[in-house]
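Undergrad: Here is my input; please provide its structure:
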Amino acid sequence: QVQLVESGGGLVQAGGSLRLSCAASGGTLSNYNMGWFRQAPGKEREFVAGIRWSGESTRYADSVKGRFTISRDNAKNTVYLQMNSLKPEDTAVYYCAARGWGITIKTITNEYDYWGQGTQVTVSS
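TA: Numbers count the residues shown, from 1 in each chain. Next comes the predicted model:
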């Protein structure tokens, strides 16, 4: 069973950048498509970005396109989310998630099998 641990969250001013990491243990990350989701207070968890197991295909929510970049290093069993030009509305707990490899990058929470505990990102105006 895969365990996922996120890190890299914090407090940043609007326009700033953060890089989140998701380290996996108990399994080989290259067997999984990966996703980043976020949940703001009082809102449902939403898809942010996803990447196929091989890294050759990515998908983004419209709200983060052009600002966020998802990547992975299978040798390090780690997935990253580079977040630039951050806005106050990006404030949320960010989660990484894994599902068995497939052709399509899923955007729905119940399509993912394993989740991390989340890391808080707060963007001040």
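Undergrad: centroid residue for the chain?
TA: Geometric centre of the chain, nearest residue: W36, 2.2 Å, by CA atoms, centre = their mean.
Undergrad: Let's verify that residue: helix, strand, or coil?
TA: Put simply, W36 is strand when judged by DSSP: H, G, I helix; E, B strand; the rest coil.
Undergrad: list the contacts for it?
TA: W36 sits next to 20, 22, 47-50, 70, 79, 81, 94-97 when contact means CB atoms under 8 Å, 6 or more residues apart in numbering. C-beta coordinates here come from the backbone N, C-alpha and C atoms, glycine included.
Undergrad: Go through those and flag which are in strands.
TA: Mapping those onto strands (DSSP state E) picks out 20, 22, 47-50, 70, 79, 81, 94-97.
Undergrad: which one among the contacts of W36 gets closest to V123?
TA: Within those, the smallest distance to V123 is 11.6 Å, found for Y94 (CB to CB).
Undergrad: which of the contacts of W36 count as buried?
TA: By neighbour count, with 16 or more other CB atoms under 10 Å, the contacts of W36 hold 20, 22, 47-50, 70, 79, 81, 94-97 as buried.
Undergrad: Tell me the pLDDT of the residue nearest to the centre of the chain.
TA: Per-residue pLDDT puts W36 at 98.
Undergrad: bridging residues for it?
TA: The partner list for W36 in beta bridges (DSSP bridges) reads A49, C96.
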